[in-house]
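Engineer: Attaching a predicted model along with its sequence, questions to come.
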Amino acid sequence: MSSYHLDHLQHLETEAIHIMREVAGEFERPALLFSGGKDSICLLRLAEKAFRPSELPLPLLNVDTGHHFPELNEFRDARAAQLGAKLIVRTVEEAIAKGIPSRNSNSTAASAAPAAMKKRPAPRSVFSVSATVSANGIQKISVLKSGISITAVSIPAKTCACFP
Amino acid sequence: MSLSTTSPRPVDILRFNTCGSVDDGKSTLIGRLLYDSKSLMEDQIEALERSADITGGGQINLANLTDGLRAEREQGITIDVAYRYFATPRRKFIIADTPGHVQYTRNMVTGASSANLSIILVDARLGVIEQSRRHTAIAALLRIPHLVVAINKMDLVGWSEARFLEIRAQFEAFLPRLDIKDVKFIPLSALNGDNVVEPSPHTPWYAGPTLLGHLETVHIASDFNLTGFRLPVQWVNRPNSPTDAALHDFRGFSGQIAGGIVRTGQKLLAFPAGIVTTVKQIWTYDGVVDEAFCPQSVTLVLEHDIDISRGSMLVALDHLPGSSCDLQAEVCWMHTRPLQVGKKYFLKHTTHTVQVVVTELIDKLNMSTLDSESAPAALAVNDIGEIKLRAARPLVFDGYATNRLTGSFILIEPGTNATVAAGMLRAPHDVFKPETADYVI
């Protein structure tokens, strides 16, 4: 086989970079969701791969449910500062105070709130590339792309589980 | 450092889509592939078994696995295509799952646009129906390199070889009219798993591979285009305050290579400026490389300071593209408002968007007969036809048959921003002829 060959992760990475650059090129107010978790860390590295040596052309956005470990939030802030990235943190309480209704009033604050947050601000400004990381490196990168156009939706982590 | 293969045993990806009418067993087949290839999470299997005890009388309903599309629709989330993933030791697979109804033909076009292979599902009791012809015609139109005709529900026709051959003959009657190179016919039962992952004891007359066996071994290495370098510029990479002071004057052009190979020192023609320049550096996050190839995402630094921005295209001098305002293309119409002569749209081609007007409807494909009807009055939703367009500015393009990336486009309706068509360009009449005196290879 010739050397002009990408393995599956290189292939997915090159597509993920393509999508991030399309978002930066086409959208008015893009943002990259960044919680500090493993999936977010993977996405942030992909963003670096897409835009370096420039600054990231999109801010990092985190919706703080109030249920995160404090260490996670510390890491989130430190990593953003380390990369010189702009970080926007908003809380669930703000959404509730503004009266954005949740889809299911019986569910707990933690699960209802993200649904409420997704309802309003997400579609126009946020796109999602999801990823799963294990101890030995990136295992799964799932890019939401329709082939011809780019589909900007965010779907629950379980439905985008990819390569075992 | 090289960007080429680093893992000891390269594992590649096969992308495929499944097309079938309602109740052809599409969801069951995908469920069977996921289940038998052991790609399910423990909790998914538990949920399946629970629902089997409650409703299925102990029988697992594999179709429940792929009910994502329905669930997403009910939630009011617009999703055209659901991507599902599974893997075997030989390959990783991405399934583009689209709904089966006629009104979702456009979704199939979306899902299939990047596929290596298409599975056309046929109910053995019904044989070839209009949807089968439609799906096959679309696969041919999109130049999907490989086609599998999965003749499903063979258990319901008594595993009859005669029935299998009859349906194959129905296909072979119209296949020569379409440009498809590789077609495989497989008799199977998705419900019982025959010939999906394991060979069936019911088909001693069938000597071919199982469906998964075929998906694992079909040759896809040559599916990417390595002749004729093309880089549609996505984003100009110009740091305001680079971390490395040496990069203060860095000015790179970022994009995903849409065809061919590029090397440091190579001469390139920059569109729309029409000026020749040289590759100074191929920059990636993992280091500078000497060459890069389709479909890698890279950032090129050039010798000359040329006006290049998003929508520009860098191309090799030895394989020049077409550059014209007059375009001819096959389109799949995707909107309920029909396509008519004189209408204006935005045409998005690679990273470039330009205004166009439809100047002529040449023909329309009749899905029942696969004949073309010339000079139709309009193209309605899900129609496929050939049209002529005139663009406000020249488009730099290749024929879709040469390059699927630089030969495809979408039409966008002004005002609503709806995607109204997917298009495949005909090869340009003439390649670009540079006028500048410094054009010397």
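Structural biologist: Ah, there it is.
Engineer: Residues contacting the helix or strand that contains residue B:354, please?
Structural biologist: Residue B:354 belongs to strand B:352-365 when elements are defined using DSSP states H and E. With contacts defined as C-beta atoms under 8 Å, 6 or more residues apart in numbering or on different chains, strand B:352-365 is touched by B:137, B:232, B:311-313, B:327-328, B:339-347, B:371-379, B:383-393, B:395-396, B:411-412. Just so you know, the C-beta spots here come from the backbone N, C-alpha and C atoms, and that holds for glycine as well.
Engineer: And the buried ones among these, selectable in ChimeraX?
Structural biologist: In ChimeraX, this line selects whichever of the contacts of strand B:352-365 come out buried by 16 or more other C-beta atoms under 10 Å in any protein chain shown:
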select /B:137,232,311,312,313,327,328,339,343,345,346,347,376,379,383,384,385,386,387,388,389,391,395,396,411,412
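Engineer: In helices, which of the contacts of strand B:352-365 appear?
Structural biologist: Those of those mapping onto helices are residue B:137, per DSSP state H.
Engineer: What separation do you get for the closest residue to residue B:86 other than its chain neighbours and residue B:197?
Structural biologist: Among residues not flanking residue B:86 along the chain, residue B:39 sits closest, at 3.6 Å (C-beta to C-beta, 6 or more residues apart in numbering or on different chains). Separation of residue B:39 from residue B:197 (C-beta to C-beta, to the nearest Å) stands at 11 Å.
Engineer: swap in residue B:173?
Structural biologist: Plainly put, residue B:173 is 31 Å away from residue B:197 if you go by C-beta to C-beta.
Engineer: Check residue B:238 too.
Structural biologist: From residue B:238 across to residue B:197, the span is 52 Å (C-beta to C-beta).
Engineer: quick one, which of these two is more surrounded?
Structural biologist: Taking neighbours as other C-beta atoms under 10 Å in any protein chain shown, residue B:238 and residue B:197 compare with residue B:197 leading, 17 against 14.
Engineer: Leaving out the residues flanking it, which one is nearest to the more buried one?
Structural biologist: residue B:36 (3.8 Å).
Engineer: what sits against that neighbour?
Structural biologist: Listed by C-beta under 8 Å, 6+ apart, the contact set of residue B:36 reads B:193, B:196, B:197, B:198, B:212.
Engineer: rerun at 7 Å
Structural biologist: Going by C-beta atoms under 7 Å, 6 or more residues apart in numbering or on different chains, residue B:36 touches B:193, B:196, B:197.
Engineer: Within the sheet, what are the partner strands of the strand holding residue B:354, with directions?
Structural biologist: strand B:344-349 (antiparallel), strand B:372-374 (antiparallel), strand B:384-397 (antiparallel) (DSSP bridges).
Engineer: returning to what we had before: the residue nearest to residue B:86 reaches residue B:92, doesn't it?
Structural biologist: No. Counting by C-beta atoms under 7 Å, residue B:39 sits too far from residue B:92 to count as a contact (10.4 Å).
Engineer: so where is the chain shaky, pLDDT-wise?
Structural biologist: Picking chain A for this. Applying pLDDT under 70 to chain A flags residues A:1-2, A:100-164.
Engineer: nope, chain B
Structural biologist: B:1-10, B:22, B:40-45, B:47-48, B:50-81, B:99-106, B:111, B:221-224, B:242-243, B:434-441.
Engineer: show me where it has helices.
Structural biologist: Ranges of helices in chain B, per DSSP H, are B:26-36, B:42-55, B:68-74, B:105-112, B:130-141, B:161-174, B:211-217.
Engineer: Tell me the spacing between the spatially most distant residue from the centre of chain B and residue A:53.
Structural biologist: Seen from the C-alpha centroid of chain B, the residue lying at the greatest distance (C-alpha atoms, centre = their mean) is residue B:245, 42.0 Å away. Distance of residue B:245 to residue A:53, computed by C-beta to C-beta: 11 Å.
Engineer: any idea how far chain A is from residue B:160?
Structural biologist: Shown here: residue B:160 relative to chain A, a distance of 37 Å by C-beta to the nearest C-beta, to the nearest Å.
Engineer: So what's the residue count around that residue?
Structural biologist: Using other C-beta under 10 Å, residue B:160 has 14 other residues around it.
Engineer: The closest residue to residue A:30 other than its chain neighbours: what secondary structure?
Structural biologist: What sits nearest to residue A:30 in space, not counting adjacent residues and going by C-beta to C-beta, 6+ apart, is residue A:58, at 4.3 Å. Assigned by DSSP: H, G, I helix; E, B strand; the rest coil, the conformation of residue A:58 is coil.
Engineer: so residue A:58 touches residue A:28, yeah?
Structural biologist: No. Using C-beta under 7 Å, residue A:58 makes no contact with residue A:28, being 11.0 Å away.
Engineer: Please say which of those two ends up with more neighbours.
Structural biologist: Neighbour count, other C-beta under 10 Å: between residue A:58 and residue A:28, residue A:58 has more, with 22 against 6.
Engineer: could you pull out the helices for chain A?
Structural biologist: Per DSSP H, chain A carries helices over the ranges A:8-26, A:38-51, A:70-83, A:92-97, A:109-119, A:122-125.
Engineer: In TSV: those, plus mean neighbour count and distance to residue B:427.
Structural biologist: Below are the helices of chain A laid out as TSV (neighbours: other C-beta atoms under 10 Å in any protein chain shown; distance: least, C-beta to C-beta, whole Å):
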stretch	mean neighbour count	distance to residue B:427
helix A:8-26	22	25
helix A:38-51	21	32
helix A:70-83	14	45
helix A:92-97	15	53
helix A:109-119	17	45
helix A:122-125	15	38
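Engineer: nearest to residue B:183, of the ones you listed?
Structural biologist: Of all the helices of chain A, it is helix A:8-26 that lies closest to residue B:183, at 25.9 Å by C-beta to C-beta.
Engineer: residues making contact with stretch B:331-347?
Structural biologist: With contact meaning C-beta under 7 Å, 6+ apart, stretch B:331-347 is reached by B:106, B:109, B:138, B:353-361, B:378-385, B:387, B:389, B:391, B:409, B:411-414, B:418-423.
Engineer: Please spell out the ChimeraX selection for the buried subset of those.
Structural biologist: The ChimeraX command for the buried members of the contacts of stretch B:331-347 (criterion: 16+ other C-beta under 10 Å) is given here:
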select /B:106,109,138,354,356,358,361,379,381,382,383,384,385,387,389,391,409,411,412,413,419,420,421,422,423
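Engineer: re the thing from before, next, the angle from the strand holding residue B:354 to helix A:8-26.
Structural biologist: Calculated by axes from the mean of the first three to the mean of the last three C-alpha atoms, to 10 degrees, strand B:352-365 forms an angle of 110 degrees with helix A:8-26.
Engineer: now the angle between helix B:130-141 and strand B:352-365, please.
Structural biologist: Here strand B:352-365 runs at an angle of 130 degrees relative to helix B:130-141 (the same axes, to 10 degrees).
Engineer: How is chain B partitioned into domains?
Structural biologist: Here the domain parsing of chain B from automatic domain parsing is B:12-223, B:230-316, B:322-425.
Engineer: Pull the distance from the longest one to the chain's centre.
Structural biologist: Here the centre of mass of C-alpha atoms in domain B:12-223, compared against the chain's by C-alpha atoms, centre = their mean, to the nearest Å, lies 16 Å away.
Engineer: just the strands in the stretch 301-441 of chain B please.
Structural biologist: B:313-316, B:322-333, B:344-349, B:352-365, B:372-374, B:384-397, B:408-412, B:419-425 (DSSP state E, counting those that start in this stretch).
Engineer: can the domains of chain B go into CSV with extra columns for distance to residue A:64?
Structural biologist: Below are the domains of chain B laid out as CSV (distance: least, C-beta to C-beta, whole Å):
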stretch, distance to residue A:64
domain B:12-223, 24
domain B:230-316, 28
domain B:322-425, 32
